[in-house]
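Q: Predicted structure and sequence below. I'll ask about it afterward.
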2 protein chains.
Amino acid sequence: MADMLNVTPRALRFYEDKGLIHPQRINGQRSYGLRERARMDNILRGKRLGFSLDDIRTVLDIYDGKVLSREELLRRKNGFEQLIEDLKTQRDDIDIVTENLSSLCARIDAFANDPARDAATFMNAQAYDAVLRRYLDDELFDEPAVSAARI
Amino acid sequence: MADMLNVTPRALRFYEDKGLIHPQRINGQRSYGLRERARMDNILRGKRLGFSLDDIRTVLDIYDGKVLSREELLRRKNGFEQLIEDLKTQRDDIDIVTENLSSLCARIDAFANDPARDAATFMNAQAYDAVLRRYLDDELFDEPAVSAARI
DNA sequence: CCTTACGTTTACGTTAACGTCAACTGATAT
DNA sequence: ATATCAGTTGACGTTAACGTAAACGTAAGG
């Protein structure tokens, strides 16, 4: 199971201690079945998105029927709705970072293939141009506009 | 600046120690300008996506012209291209988690508004149904199919 | 029967990303 | 001149998510 999901046995035990999974025991030995696999998939997905194990448990607790107070359920629902909002901005973040990385890769390629490779011309220019222009347009700052020329 | 970005001054100093930002000094005092603001935006965006500060520095180092070896540039480019791939799956993760959370919220609402609120009927049923069905369809397992009935 | 190998528990170690506290240093207001 | 107050520099503390090592049980193979 550990290899299957590319996590260490230690991590599985850690999740068990935290109450995130509850593998069966067959004379002492842990046995992971379909259900634990499904849970682990959800746990890892949450982790990849930056959620803490405690965050994840606030969800799993509900799935496990460990939270039955209407009060508490609604409280957590509010949290989830906030999370959904955050995930939206996270999608936007992904798009922005993807674009930044792509254009950086392109510039690296251009430089690497430049027959007359000149280190000076690689980086002096419009590195942050796009970013900066956004800020200048939005006029976000009152600060004494520091020399935007030489970045 | 700290308040503006909703980070603590300590964090700003930490990023400076790590070499991620280089605020001007005006007789000892740190002065954050347009450039540092742009860098912070990128840093925080990276953080929101789960990147470590060291990850982020591998990008900023290049923008700062601190990496000029063609060898090293191409090595990092490979890393970035891998990151771009990861970001794609992260988008998919976001969609899945968003859907899961949404349907969970809906079920909480249904339960909370149920006039004859019955805790037993809330959670016993098809909690993982969708997830499980995917796995059963994909036939991912050789393991002795543990009782998929009682989740 | 012995050992080799694997799994378990307990407990301490580790890393990243800051928090917090103490001691100090100009700049400013009174 | 003194008090105050924000800002600076170490230095140590903290939390999450594991890693790692020690000590032990047990099932299989020769």
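A: Right, received. Where do you want to start? Numbers count the residues shown, from 1 in each chain, chains lettered A, B, ... in the order given.

Q: tell me the angle the host helix or strand of A:Leu73 makes with helix B:70-113.
A: A:Leu73 is part of helix A:70-113, with elements assigned from DSSP states H and E. Interaxial angle, helix A:70-113 versus helix B:70-113 (axes from the mean of the first three to the mean of the last three CA atoms, to 10 degrees): 160 degrees.

Q: is any part of helix A:70-113 close to chain B?
A: Yes: legend: contact between helix A:70-113 and chain B by CB under 8 Å from any CB of the partner chain is shown at A:70, A:73-74, A:76-77, A:80-81, A:83-84, A:87, A:89-91, A:93-94, A:96-98, A:100-102, A:104-105, A:108-109, A:111-112. For glycine as for every other residue, the C-beta is placed from the backbone atoms N, C-alpha and C.

Q: And for stretch A:29-38?
A: Yes: part of stretch A:29-38 sits near chain B under the criterion CB under 8 Å from any CB, namely A:32-35, A:37-38.

Q: And DNA strand D, is that stretch touching that?
A: No: contact of stretch A:29-38 with DNA strand D is not found when judged by CB under 7 Å from any atom of the strand; the minimum separation is 8.2 Å.

Q: pLDDT of that stretch, averaged?
A: Stretch A:29-38 carries an average pLDDT of 88.

Q: start to end distance for that stretch?
A: 20 Å (CA to CA, to the nearest Å).

Q: near DNA strand C, anything from it?
A: Yes: with CB under 7 Å from any atom of the strand as the criterion, DNA strand C is reached by stretch A:29-38 at A:29-30.

Q: What are the buried residues along that stretch?
A: Along stretch A:29-38, the positions that meet the burial threshold by neighbour count (16 or more other CB atoms under 10 Å in any protein chain shown) are A:30, A:32-38.

Q: returning to that earlier point: out of the residues of stretch A:29-38 next to chain B, which comes closest to chain B?
A: A:Gly33 (3.3 Å; CB to the nearest CB).

Q: Now that closest one: phi and psi?
A: phi -110, psi -160 (degrees, to the nearest 10).

Q: what helix or strand does A:Asp3 sit in?
A: Assigned by DSSP H and E, A:Asp3 belongs to helix A:2-5.

Q: element containing the residue lying closest to A:Asp93 once chain neighbours are set aside?
A: Distances taken as CB to CB, 6 or more residues apart in numbering or on different chains place B:Arg45 nearest to A:Asp93, at 5.0 Å, with adjacent residues excluded. Take DSSP H and E as the rule and B:Arg45 turns out to sit in helix B:34-48.

Q: can you list contacts of the helix or strand that that helix is followed by?
A: Toward the C-terminus, helix B:34-48 is succeeded by helix B:53-63 as the next helix or strand (DSSP H and E). In this structure, residues lying in contact with helix B:53-63 by CB atoms under 8 Å, 6 or more residues apart in numbering or on different chains are A:101, A:104, A:108, A:123, A:127-128, B:15, B:18-20, B:39, B:42-43, B:46-47, B:67, B:73, B:76, B:79-80.

Q: Which ChimeraX command selects the buried ones in those residues?
A: With 16+ other CB under 10 Å as the burial test, the buried ones among those are selected in ChimeraX as follows:
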select /A:101,104,108,123,127,128 /B:15,20,39,42,43,46,47,67,73,76,80
